[in-house]
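Participant: After the sequence you'll find the predicted model.
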Amino acid sequence: MKAGCSIGEKPEGGGGYPFPDWAYKTESSPGSRQIQLWHFILELLQKEEFRHVIAWQQGEYGEFVIKDPDEVARLWGRRKCKPQMNYDKLSRALRYYYNKRILHKTKGKRFTYKFNFNKLVMPNYPFLNVRTSGKMQSLFMGN
DNA sequence: GCCGGAAGCG
DNA sequence: CGCTTCCGGC
């Protein structure tokens, strides 16, 4: 029923909001205060209810696998009010992250990408309590 | 499936 | 700018 497509849209699972509101707005540069794709991916990754859809890959820090590409695309499309979203389009957006040095593809592995946390510029992002199993703590020490 | 150019949108 | 859409090519 109706398209509740506004900025106040809540994520699925309604209730536990991982990141505060200020985490979504990029105060400085973008101009848009819309959620970014990598923010959304991280949001899904730190919730157990989405482990069947997307999850951290064991062994490699920052590496994650999209187990259900269609579902991730659907959730992303719902969030951005883009019903026609699919993995083909979503992955194109992900590919643009390669140059931005936010993401990197794990070649050979299907639906597998990796965050470049060690380079991720986040002077404005003191958030990210990303804990897969307490293994990602030393992720942000580099640089 | 994955890549990246190209055009377009807000 | 940050995607979204479309698509030829591998």
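Facilitator: Happy to help now that I have it.
Participant: Would you mind pulling up the elements that the longest helix seen in chain A packs against?
Facilitator: Identified as the longest helix of chain A according to DSSP state H is helix A:87-100. When contacts are defined as 3 or more CB pairs under 8 Å, 6 or more residues apart in numbering; DSSP states H and E, helix A:87-100 packs onto helix A:37-45, helix A:69-79, strand A:103-105. No exception for glycine: its C-beta is placed from N, CA and C like everyone else's.
Participant: what's the longest one packed up against?
Facilitator: Under the contact definition 3+ CB pairs under 8 Å, 6+ apart, helix A:69-79 sits against helix A:37-45, helix A:87-100.
Participant: Nearest to residue A:55, out of the helices and strands packed on helix A:87-100?
Facilitator: helix A:37-45 (7.0 Å; CB to CB).
Participant: got the angle for the closest one vs helix A:69-79?
Facilitator: For helix A:37-45 against helix A:69-79, the angle by axes from the mean of the first three to the mean of the last three CA atoms, to 10 degrees is 120 degrees.
Participant: quick one: is helix A:37-45 near DNA strand B?
Facilitator: No. Figure legend: helix A:37-45 not in contact with DNA strand B (CB under 7 Å from any atom of the strand); closest approach 13.2 Å.
Participant: Next, the angle from that helix to helix A:87-100.
Facilitator: Counting by the same axes, to 10 degrees, helix A:37-45 lies at 110 degrees to helix A:87-100.
Participant: What's the first helix or strand after helix A:37-45?
Facilitator: Proceeding N to C from helix A:37-45, the next assigned helix or strand is strand A:54-56, under DSSP states H and E.
Participant: what sits against the one residue in chain A that gets nearest to DNA strand B?
Facilitator: Relative to DNA strand B, the nearest point of chain A is residue A:105 (3.5 Å; CB to the nearest atom of the strand). Listed by CB atoms under 8 Å, 6 or more residues apart in numbering, the contact set of residue A:105 reads A:95, A:98, A:112-114.
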